[in-house]
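>>> Provide a 3D model corresponding to the input given below.
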Amino acid sequence: MPRPISKRTQANAKIATDNVHDAAAAIKAVKGFKKTKFDETVNVVFHLGIDPKQADQIIRGSVSLPHGIGRSARVICFCPSDKVAIAKANGAIEAGAEELVAKIEAGWFEFDVAIASPDMMRVVSRLGKVLGPKGLMPSPKAGTVTPDIASAVKEYAAGKQEYRNDDGGNVHGVIGKMSFSEQALHENFDAFLAVIHKIRPASAKGTYIKKCVISGCMSPGVQVSA
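Predicted coordinates:
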């Protein structure tokens, strides 16, 4: 017996999502879907004309959006003992060297982002097999390996996000919350889009952004012209 269609699904279906919209119209449509009982995250997906199997076409980096993303992150920092106080003062929930590595080796993973100073990577490398698969290994490309750990910790704790392409050439990101104004979501989207255009690989030929979709975490997607 077919599963009944919920009232929320029926209400959302009334909003046309098949056509390509400009960013303002797409955001207005997404915010127009029937609301949930919680403040939904607003996501964006860019389907790119890249070959993920080619090393020179891998897309990876980090971005701070003008209005943040509506949430903070739990940040840890691998650093020498004389930098621990600085890291914690800027928002790190844990900081240290060998003792922090040992804590993670023992099974602790209650963090979202790991920052490391370059001189700590010889220590952190022991965690490659456990942090790598979880997407938590510090990386220079993502700005999570840096001598300026104070700024990096502060930015990531405030909502700076890392992005990378998946095997299908898609880049997923967050542009805010449903409670954000349409203007704030639009400005965040434009900032993310500008970064995606800026990092286009020189070897990527043809159409670069093949498709772009904005959606709430519980709503249908709306295609955006990008």
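>>> for the rest of this, base every contact and every neighbour count on C-alpha atoms.
Will do.
>>> mind checking how far stretch 178-198 is from the chain centre?
Its chain's C-alpha centre and that of stretch 178-198 lie 13 Å apart, by Cα atoms, centre = their mean, to the nearest Å.
>>> dump the residue contacts of residue 43.
172, 173, 174, 175, 176, 214, 215, 216, 217 (Cα atoms under 8 Å, 6 or more residues apart in numbering).
>>> wait, I meant residue 92
Residue 92 touches 74, 75, 76, 77, 153, 154, 157, counting by Cα under 8 Å, 6+ apart.
>>> again, but for residue 214
Here residue 214 is in contact with 26, 27, 30, 42, 43, 44, 45, 221, 222, 223, 224 (Cα under 8 Å, 6+ apart).
>>> now do 7 Å
43, 44, 45, 221, 222, 223, 224 (Cα atoms under 7 Å, 6 or more residues apart in numbering).
>>> next one, pLDDT for it please.
Listed pLDDT for residue 214 reads 96.
>>> just to be sure, it is in a strand?
Yes. Under DSSP: H, G, I helix; E, B strand; the rest coil, residue 214 sits within a strand.
>>> please report how far it lies from residue 175.
For residue 214, the distance to residue 175 equals 9 Å [Cα to Cα, to the nearest Å].
>>> who touches both of those two?
43, 44.
>>> continuing past the host helix or strand of residue 100, what's the next helix or strand?
Assigned by DSSP states H and E, residue 100 falls within helix 98-105. Sequence-wise, the next helix or strand downstream of helix 98-105 (DSSP H and E) is strand 113-116.
>>> now do that following strand, average pLDDT.
The average pLDDT within strand 113-116 is 97.
>>> now swap in stretch 178-190 and tell me
97.
>>> convert it to CSV, retaining C-alpha atoms only.
As requested, C-alpha coordinates have been extracted for stretch 178-190 and formatted as CSV (Å, rounded to 0.1, in the frame of the first residue of the first chain):
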residue,chain,number,x,y,z
MET,A,178,16.3,29.3,7.2
SER,A,179,16.2,32.0,9.9
PHE,A,180,18.7,34.1,7.9
SER,A,181,17.2,36.9,5.8
GLU,A,182,17.0,36.4,2.0
GLN,A,183,19.7,39.1,1.6
ALA,A,184,22.1,37.4,4.0
LEU,A,185,21.6,34.0,2.3
HIS,A,186,22.0,35.7,-1.1
GLU,A,187,25.3,37.4,-0.1
ASN,A,188,26.6,34.1,1.4
PHE,A,189,25.7,32.2,-1.8
ASP,A,190,27.4,34.9,-3.9
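>>> check which residues of the longest helix belonging to the chain are buried.
Ranked by residue count and defined by DSSP state H, the top helix of the chain is helix 182-198. Neighbour counts over helix 182-198 (16 or more other Cα atoms under 10 Å) mark 182, 184, 185, 186, 187, 188, 189, 190, 191, 192, 193, 196 as buried.
>>> what do you get for stretch 21-39?
Buried residues in stretch 21-39 (16+ other Cα under 10 Å): 21, 23, 25, 26, 27, 28, 29, 30, 31, 33, 34, 35.
>>> next one: stretch 41-59
41-52, 57-59.
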